[in-house]
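Novice: what's the 3D shape of this:
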Amino acid sequence: MDVAAQLDSAWQKEFERMMQGDYFRRLASDRLEIRYYMGFLRETFFNAACNPKNMALFIAHLDSDRPDLEAKFLKHTAMEIGHDALALEDYGKLGGDPEAVRRSLPLPTTEAMAAFITFQIQHRNPLSYLGYLYHLEALPVHFGPEVIESLLRIGVPLEATTFLREHAEADPVHLKWNREYLEGFIRNEKDLEAVLYGLRGTCRLHAGMFQGILEDAEDWRPAAAPKAVARL
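Specialist: Residues are numbered from 1 along each chain as shown. Below is the predicted model:
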């Protein structure tokens, strides 16, 4: 079995597990409240803001002999900048306060997802990031149109699905690029295991992010991010 086939197989199993979560079962049966879609946009704003930085971190820690692919990956990184703003714009179209989101902090379940892959890059094997990227780009390719249709049925206006539509359209190309990264950067079984670990961990933590949105208690969430303590 080639690398892409192994990733496909592992992701499909994790995707099916993810779809059993309460958030997606509500979405599939048109029972998801719009406020929980707004929660998705809010938490995705924070996660999407981290992603280009983690892409740059990945390149900084990568040991490869493929400068052509590194250059392509850096161009890909630049394309991801600003996607957080798309999520926040959709949030505002639904009546949310984008500036209040900017001043707040993500849920710990969202923070855990970003922290997991940052730790893998810095302290384990940076190639784990390709598993994280695989999941984030496979999800809208395989599930994006269905999600948008479900959201429209519960009353979300089309103009408030910009983030999802952008990724459903662009990520098939990005997923193809990711396959090139996998083929070019993976050099042995240890690297492949790191990618699979990154993929599985990301899928389960992403599922945890959605559960966190359903369970969000406003008395836990700080009203604003704490200011940095001034150094003496």
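
Novice: Three-state assignment for the spatially most central residue of the chain, please.
Specialist: Residue closest to the average C-alpha location in the chain (Cα atoms, centre = their mean): L136, at 4.7 Å. Judged by DSSP: H, G, I helix; E, B strand; the rest coil, the three-state class of L136 is helix.

Novice: List the contacts of it.
Specialist: Applying Cβ atoms under 8 Å, 6 or more residues apart in numbering, we find L136 in contact with N51, T202, H206. Glycine gets a C-beta too; all of them are placed from N, C-alpha and C.

Novice: What's the separation between C203 and M113?
Specialist: 10 Å (Cβ to Cβ, to the nearest Å).

Novice: Check L199 too.
Specialist: Taking Cβ to Cβ, one finds L199 at 13 Å from M113.

Novice: Next: D30.
Specialist: D30 is 27 Å from M113, where distance means Cβ to Cβ.

Novice: ok, and what's touching stretch 88-99?
Specialist: With Cβ under 8 Å, 6+ apart, stretch 88-99 has contacts from 34, 37-38, 41-42, 45, 101-102, 156-157, 159-163.

Novice: Need the buried ones from those residues selected in PyMOL.
Specialist: Those of the contacts of stretch 88-99 that count as buried under 16 or more other Cβ atoms under 10 Å are selected in PyMOL with:
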select buried, resi 37+38+41+42+45+101+156+160+161+162+163
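
Novice: from the contacts of stretch 88-99, which single one is nearest I213?
Specialist: R42 (8.2 Å; Cβ to Cβ).

Novice: Could you take the contacts of L136 and lay them out as a markdown table, with extra columns for secondary structure?
Specialist: Listed next are these as a markdown table, based on three-state DSSP:
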| residue | secondary structure |
| --- | --- |
| N51 | helix |
| T202 | helix |
| H206 | helix |
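
Novice: Can I get those in JSON lines including distance to E189, neighbour count and pLDDT?
Specialist: JSON lines is the format used below for the contacts of L136 (distance: Cβ to Cβ, whole Å; neighbours: other Cβ atoms under 10 Å; pLDDT from 0 to 100):
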{"residue": "N51", "distance to E189": "27", "neighbour count": "20", "pLDDT": "93"}
{"residue": "T202", "distance to E189": "20", "neighbour count": "24", "pLDDT": "97"}
{"residue": "H206", "distance to E189": "26", "neighbour count": "23", "pLDDT": "96"}
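
Novice: From Q120, how far off is Q12?
Specialist: In this view, Q12 and Q120 are 22 Å apart by Cβ to Cβ.
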